[in-house]
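*Asks:* here is the input, now give the coordinates:
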Amino acid sequence: MRVDVFTQVPHAFGWLTEQKPLATVLGTELDLRLFNYRDTTPLRAGQVDDDPYGGGAGMVLRVDVADAALEAAYGDGRPARVVALTPQGRQLDQPLVEELAAEPAVAVLSSRFEGFDERIVSQLCTDAVSIGPYVLSGGELPAMVLLDAIARRLPGALTDGSGELESFSSALDGGIEYPHYTRPAEYRGWDVPQVLLSGDHGRIESWRREQSRVRSGG
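*Replies:* Residues are numbered from 1 along each chain as shown. As a prediction, the model looks like this:
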């Protein structure tokens, strides 16, 4: 699939592109393109945002700037899913990740400070997505969260079987993954549950599913 990220700071994504699982699928299963609003802005001196009408602190990404960036990237052939990262959006969860990962192409719009002119969200985008009920200084971190979550669902991103029994997977009925332990079996009086040392895979499977239900509030 292809993911296009529109941002004021494309260099912020350099670290992410070197990390697994995104680095594993980049250039094969995933085509990532980064677009800087300043490269296509119709305004002088690279301006992309402006003061909000009605007064108030902060700067707002202009609708004409966002539209110019989309026009330059796609012309009339914009992706079916154009996502604005904003606190007002649908909360990002695993079903939404799976939904977006199944698309051939997704455009992701991020902004900074006071966010988007509302017309960007209502007129230029098909989706509004939030990564949580809190405020950040910009949309770059949410875009990275979304990218990482999508990359994990692409073929070849994970070793076989590692993504099947994890939190929010269908194998766990959308619940939280069971706890994990490794060596040493005892440390400062903190013991690994004996069932995990038993070698009885049936008992271990039952214990893990029960722990998952407990963690998930079931």
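*Asks:* Val195 looks like it's in a helix, true?
*Replies:* Yes. Membership of Val195 in a helix is supported by DSSP: H, G, I helix; E, B strand; the rest coil.
*Asks:* so what's it up against?
*Replies:* Contacts for Val195 were tallied using Cβ atoms under 8 Å, 6 or more residues apart in numbering; they are Arg203, Ile204, Trp207. In short, each C-beta sits where N, CA and C put it, glycine included.
*Asks:* mind checking how far it is from Tyr37?
*Replies:* According to Cβ to Cβ, to the nearest Å, Val195 stands 55 Å off from Tyr37.
*Asks:* check Phe6 too.
*Replies:* From Phe6 to Tyr37 the distance is 6 Å (Cβ to Cβ).
*Asks:* now do the shared contacts for the two.
*Replies:* Looking at what touches both Phe6 and Tyr37 (by Cβ under 8 Å, 6+ apart), the common residues are Ala66, Ala69.
*Asks:* rewinding a little: buried members of the contacts of Val195 into PyMOL, please.
*Replies:* Applying 16 or more other Cβ atoms under 10 Å to the contacts of Val195 leaves a buried subset, and the PyMOL line that selects it is:
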select buried, resi 204+207
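*Asks:* switch the contacts of Val195 over to JSON lines; also include distance to Leu92, secondary structure and pLDDT.
*Replies:* JSON lines is the format used below for the contacts of Val195 (distance: Cβ to Cβ, whole Å; DSSP: H, G, I helix; E, B strand; the rest coil; pLDDT from 0 to 100):
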{"residue": "Arg203", "distance to Leu92": "36", "secondary structure": "helix", "pLDDT": "97"}
{"residue": "Ile204", "distance to Leu92": "32", "secondary structure": "helix", "pLDDT": "96"}
{"residue": "Trp207", "distance to Leu92": "31", "secondary structure": "helix", "pLDDT": "96"}
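*Asks:* and the contacts of Val195, which is closest to Gly217?
*Replies:* Trp207 (17.9 Å; Cβ to Cβ).
*Asks:* my understanding was that that closest one contacts Gln194; is that so?
*Replies:* No. Counting by Cβ atoms under 8 Å, Trp207 does not reach Gln194; the two are 9.9 Å apart.
*Asks:* list the contacts of Gly89.
*Replies:* The contact partners of Gly89, by Cβ under 8 Å, 6+ apart, come to Asp127, Ala128, Val129, Ser130.
*Asks:* same deal with Gly138?
*Replies:* Counting by Cβ under 8 Å, 6+ apart, Gly138 touches Gln8, Val9, Ser110, Ser111, Arg112, Phe113.
*Asks:* touching, the last one and Asp51? I think so.
*Replies:* No. With contact defined as Cβ under 8 Å, Phe113 does not count as touching Asp51 (11.0 Å).
*Asks:* who touches both of the two?
*Replies:* When contacts are counted by Cβ under 8 Å, 6+ apart, Phe113 and Asp51 are jointly contacted by Met59, Val60.
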